[in-house]
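>>> how would this look folded up:
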Amino acid sequence: MKKFFNIILAPLFVISSSNAEISSVTPANTTSLTQIASSMSHSISNVENNNISIETTTTNLINTTDLKKSIASDAEKFNLSVDADVAAEILTLLDGTTINAPSSGGDITKGLKNLASNIITEDDFVPTLDQDTIEYDTGWITLSKVTSYDSKTYSSNNDVFSDTATHQARGRVFVNFKKQEISADVSAKITRAGGTEKLYEYNSGAANFSSVPIVAETVKRYKLTEGETDHDNFDGAQDTMLATNTTLQASEFNSTQELIDMYNHDTSDGDAESGIFHYGKFTTATSATPGLGSMAFEAGHAPNGANEATFAGTVERLEGEAVIVGKAME
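Alright, predicted model coming up:
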């Protein structure tokens, strides 16, 4: 099963090697990094369970000095390596970006775009949810219609998603740093154009990680029947159905026409299945820092016989994102 995991958080530093040694770097835009750090300030309830310690603070939780110490501490405490590539890429991607908390402007989604997953296994197993597990719960976040993402254009029509309903999604990510396990429960309330609200829920299954910061992602297809989900059927874990403005992502499982049928909402096409593509991404740097999460939902509405380019031009996209404070489970 494809995971809800390619996790990352905004570590504002570069790491010198794959161990817990971290060296400072002078970013090109220190003002923007200060804004990011400031925007991620949170007050977290003090929790101590075995190896998990979340400290209370009302100051900048994400700042260069504290985060470097926290990364090094977690790497040593939980026998993890430090992912230097993820840390360096985060610095590059977030430079010049102000992340608002909470955010609805796409800053988090854009910032997470190029961060690669560092989950080391994709085998499903039952996760260990105990006092060493931290839960990151977005709560129900409202999704917004967007018409551009990653140099791609999305339809402003409301043929797929109702323009009068409130679309919402929720992610509950469970990270057990001691056992190096991660899993997620994902929920969404989606109303199709002219339809009623439908609730979808699924569990990503559990996976392992061996380094911090963590980066994780998940993909799924929501079917027409409420609650029914399935594989998205694209190759890998894609953050959008569109490869370009006129083409869909590749699939070793299905032909282009089959993919169009899966995600087409135009009933003039007798083969249209009215599926909804879902992608989610989560990230956290350490057991003592907040997480970042983003979700996207897409589908198209093209008449029977439409080619790939025509269908791609009808794809609509909803997005939602959040800064998430972790809470140790009891």
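
>>> where's Asp74, which helix or strand?
Element membership for Asp74 (DSSP states H and E) is helix 64-77.

>>> distance of the residue nearest in space to the middle of the chain from Ala72?
Residue closest to the average C-alpha location in the chain (Cα atoms, centre = their mean): Lys281, at 1.4 Å. Counting by Cβ to Cβ, to the nearest Å, the gap from Lys281 to Ala72 is 25 Å. (C-beta placed from N, C-alpha, C; glycine too.)

>>> for Lys145, same thing?
In terms of Cβ to Cβ, Lys145 sits 42 Å off from Ala72.

>>> and what of Phe253?
Plainly put, Phe253 is 43 Å away from Ala72 if you go by Cβ to Cβ.

>>> Compare neighbour counts for these two and give me the winner.
Between Phe253 and Ala72, counted using other Cβ atoms under 10 Å, the more crowded position is Ala72 (18 against 12).

>>> And this structure, what are its domain boundaries?
14-112, 133-208+218-328 (automatic domain parsing).

>>> most tightly surrounded among the ones you listed?
Highest mean neighbour count among the domains of the chain (mean count of other Cβ atoms under 10 Å): domain 133-208+218-328, with a mean of 19.

>>> and it, how far from the chain's centre?
With Cα atoms, centre = their mean, to the nearest Å as the basis, domain 133-208+218-328 stands 10 Å off its chain's centre.

>>> Report the contact partners of Gly194.
Neighbouring residues of Gly194 by Cβ atoms under 8 Å, 6 or more residues apart in numbering: Ser162.

>>> and it, which of the three is it?
Under DSSP: H, G, I helix; E, B strand; the rest coil, Gly194 falls in the coil class.

>>> residue boundaries of the helices in this protein?
Here the chain has its helices, by DSSP state H, at 30-39, 64-77, 84-94, 107-112, 256-263, 308-312.

>>> Among the ones you listed, show the one with the smallest mean pLDDT.
Lowest mean pLDDT of the helices of the chain: helix 30-39, a mean of 36.

>>> so Ser204 touches Glu181, yeah?
No - judged on Cβ atoms under 8 Å, Ser204 makes no contact with Glu181 at a distance of 11.6 Å.

>>> Give me the pLDDT for Val126.
pLDDT for Val126: 82.

>>> Distance check, it against Ile120.
Val126 is 18 Å from Ile120, by Cβ to Cβ.

>>> Quick one: end-to-end distance for stretch 126-134.
With Cα to Cα, to the nearest Å as the measure, stretch 126-134 spans 16 Å from end to end.

>>> Quick check: buried residues in that stretch?
By 16 or more other Cβ atoms under 10 Å, the buried positions in stretch 126-134 come out as 127, 132-134.

>>> Tell me the spatial nearest neighbour of Thr191, not counting adjacent residues.
Using Cβ to Cβ, 6 or more residues apart in numbering and skipping residues adjacent in sequence, the residue nearest Thr191 is Ala165, 3.5 Å away.

>>> Can you read off the pLDDT for the one you found?
So Ala165 comes in at 98 (pLDDT).

>>> Relative to Ile276, how far out is it?
Counting by Cβ to Cβ, the gap from Ala165 to Ile276 is 14 Å.

>>> do the same with Ala250
Going from Ala250 to Ile276 by Cβ to Cβ gives 20 Å.

>>> Equivalent analysis for Ser211, please.
Applying Cβ to Cβ to Ser211 and Ile276 gives a distance of 33 Å.

>>> cool, and Asp235?
Using Cβ to Cβ, Asp235 is found at 19 Å from Ile276.

>>> picking up where we left off before, across the sheet, point out what pairs with the residue nearest to the centre of the chain.
Beta bridges link Lys281 to Glu217, Ser294, judged by DSSP bridges.

>>> Please tell me I have it right and it contacts Leu112.
Yes - counting by Cβ under 8 Å, Lys281 sits close enough to Leu112 to count as a contact (5.1 Å).

>>> Report the contact partners of Thr138.
Neighbours of Thr138 in contact, by Cβ under 8 Å, 6+ apart: 169-172, 293, 322, 324.

>>> Nearest to Lys77 among those?
When the contacts of Thr138 are ranked by distance to Lys77 (Cβ to Cβ), Ile324 comes first, at 21.5 Å.

>>> Am I right that that closest one is in contact with Ile141?
No - using Cβ under 8 Å, Ile324 is not in contact with Ile141, being 9.9 Å away.

>>> and stretch 277-289, what's its mean pLDDT?
Averaged across stretch 277-289, pLDDT comes to 89.

>>> cool, and stretch 318-326?
Here stretch 318-326 scores 92 as its mean pLDDT.

>>> pull the CA atoms of that stretch into PDB?
Provided in PDB are the C-alpha atoms of stretch 318-326 (Å, rounded to 0.1, in the frame of the first residue of the first chain):
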ATOM      1  CA  LEU A 318      -8.800  21.500  -3.600                       C
ATOM      2  CA  GLU A 319      -6.000  22.100  -1.100                       C
ATOM      3  CA  GLY A 320      -5.700  22.300   2.700                       C
ATOM      4  CA  GLU A 321      -2.700  22.700   5.000                       C
ATOM      5  CA  ALA A 322      -1.800  23.100   8.700                       C
ATOM      6  CA  VAL A 323       0.900  23.500  11.300                       C
ATOM      7  CA  ILE A 324       0.400  20.700  13.700                       C
ATOM      8  CA  VAL A 325       1.400  20.500  17.400                       C
ATOM      9  CA  GLY A 326       2.200  17.000  18.500                       C
END
